[in-house]
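In: only the shape, not the letters, is given here:
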């Protein structure tokens, strides 16, 4: 495994800022890792490798700006429940299999503004409505440490790809209890 795929986002950003590595080296290392583990864990529903390499190459060629954004050149993945402009956006639903997002979700826009580079869209349960990451397009996402087990959660694709070293950073989602209601514990 390439050392770059074992580092967190903050350390990668620091190394890019200091010139110890480049955005292209970091993106290429993570793409290579995704290509190795992807078939085993089933975590990414759509990849954006060509666009990611193009963005990383441009950042590398231009060099680090005097005041770089905090995630300058750091790759990330995005749960398929969030839109990325120009990229397939299914929310894990067969009904949306061919849908392409017209614009970025606000969280994605902010990640890009912070300098992050999108590597792909991670699998999620159908419309994020299940406790397991299984959908009709990709099937079950597996736990990278125990392949016979599920990654769990509707954001299981994010958890699995990060745990496997394919992405140092990701955007997932969670459902909060409605305002005024209180989550119940097992003891309630």
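Out: Looks like it arrived, so ask away. From a predicted model like this one, the values you see are computed outputs, not experimental measurements.
In: quick one: list the elements packing against the least confident helix or strand in the chain by mean pLDDT.
Out: Counting by mean pLDDT, DSSP states H and E, the weakest-scoring helix or strand in the chain turns out to be strand 134-135, with a mean of 93. Using 3 or more CB pairs under 8 Å, 6 or more residues apart in numbering; DSSP states H and E, no helix or strand is in contact with strand 134-135. The way it works is simple: take the backbone N, C-alpha and C, and place the C-beta from them, glycine included.
In: report the strands that pair with it, each with its relative direction.
Out: Strand partners for strand 134-135, identified by DSSP bridges, are recorded as strand 139-140 (antiparallel).
In: what average pLDDT does the helix or strand just after the strand it pairs with get?
Out: Note on strand 139-140: by DSSP states H and E, the next helix or strand toward the C-terminus is helix 156-163. In this model, helix 156-163 has a mean pLDDT of 97.
In: ok, now stretch 166-185?
Out: Stretch 166-185 comes out at a mean pLDDT of 70.
In: what about the residue nearest the centre of the chain, which SS state?
Out: Taking CA atoms, centre = their mean, the centroid of the chain lies closest to residue 77, which sits 1.5 Å from it. With DSSP: H, G, I helix; E, B strand; the rest coil as the basis, residue 77 sits in strand.
In: roughly how far apart are it and residue 66?
Out: Distance, residue 77 to residue 66, by CB to CB, to the nearest Å: 29 Å.
In: where does the chain dip in pLDDT?
Out: For the chain, residues meeting the criterion pLDDT under 70 lie at 176-188.
In: could I get the full set of strands for it?
Out: For the chain, the strands defined by DSSP state E cover 44-47, 75-79, 117-122, 134-135, 139-140, 170-171.
In: TSV for these, including distance to residue 55?
Out: Output for the strands of the chain, formatted as TSV (distance: least, CB to CB, whole Å):
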stretch	distance to residue 55
strand 44-47	14
strand 75-79	10
strand 117-122	5
strand 134-135	28
strand 139-140	30
strand 170-171	17
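In: packing partners of the lengthiest helix in the chain?
Out: As assigned by DSSP state H, the longest helix anywhere in the chain is helix 23-41. For helix 23-41, the packing partners by 3+ CB pairs under 8 Å, 6+ apart come out as helix 9-18, strand 44-47, helix 49-62, strand 75-79, strand 117-122, helix 156-163.
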